Structures are given as structure tokens and as C-alpha cells.
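**Q** The following comprises the amino acid sequence and a computationally predicted model.
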Amino acid sequence: MAESYQSEITNFLNDLKQQRPGLEARQRAGRALLWDKPLDPELQDGFRQARVPQKPYVYQTE
């Protein structure tokens, strides 16, 4: 593949970023609202301890 080749999707994204310069910053801010949260180690440890082991075949009745 030639080094100068760019797909249609890459061209579209590059054009979109040029038309809307603040797009990436808004995307990062939106991600930070939902995903980039600090984790509480004690809470995570409690979640790990409370896990119930899954049976090999989950739909089998007792």
C-alpha cells in the first residue's frame, strides 16, 4: 500500500476535524463525564470479595 494513501473515512474525519476544531475536546470532555472516574481501591476490593463463582453451565438447574 502506498504511504500517501488515505481511505475515504480518514479523509472524512480529517475534514470534519478541520470544520469543527473543538470536536476532539468535546469528545474528551464527554468521555470524562462517564468513563474517566477515579476508582476507590477499597470498594473494588469489596466487589472482588463478593463475587460468586459461576458454574460451568449456567442454565443447568440444581
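**A** Perfect, I can see it now.

**Q** C-alpha from now on. contacts and neighbour counts both.
**A** Noted.

**Q** Please state the offset of the one helix or strand in the chain whose mean pLDDT sits lowest from the chain centre?
**A** Sorting the helices and strands of the chain by mean pLDDT, DSSP states H and E puts helix 23-34 at the bottom, at a mean of 93. The chain centre lies 12 Å from the centre of helix 23-34; the measure is CA atoms, centre = their mean, to the nearest Å.

**Q** For it, give me every contacting residue.
**A** Applying CA atoms under 8 Å, 6 or more residues apart in numbering, the contact partners of helix 23-34 are residue 17.

**Q** Show me the shaky parts of the chain.
**A** Applying pLDDT under 70 to the chain picks out residues 1-2.

**Q** Find the residue at the geometric middle of it.
**A** With distances taken as CA atoms, centre = their mean, residue 35 lies nearest the centre of the chain, 7.4 Å away.

**Q** so what's that residue up against?
**A** If you count contacts by CA under 8 Å, 6+ apart, residue 35 has none.

**Q** any idea how far it is from residue 25?
**A** Note on residue 35: its distance to residue 25, by CA to CA, to the nearest Å, is 15 Å.

**Q** What segments of this protein are helices?
**A** In the chain, the helices defined using DSSP state H lie at 8-19, 23-34, 41-49.

**Q** Just send those back as a markdown table, with distance to residue 62 and mean neighbour count too.
**A** Formatted as a markdown table, those follow (distance: least, CA to CA, whole Å; neighbours: other CA atoms under 10 Å):
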| stretch | distance to residue 62 | mean neighbour count |
| --- | --- | --- |
| helix 8-19 | 52 | 11 |
| helix 23-34 | 39 | 11 |
| helix 41-49 | 24 | 10 |
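
**Q** So for residue 57, which of these sits nearest?
**A** Closest approach to residue 57 among those is made by helix 41-49 (21.6 Å; CA to CA).
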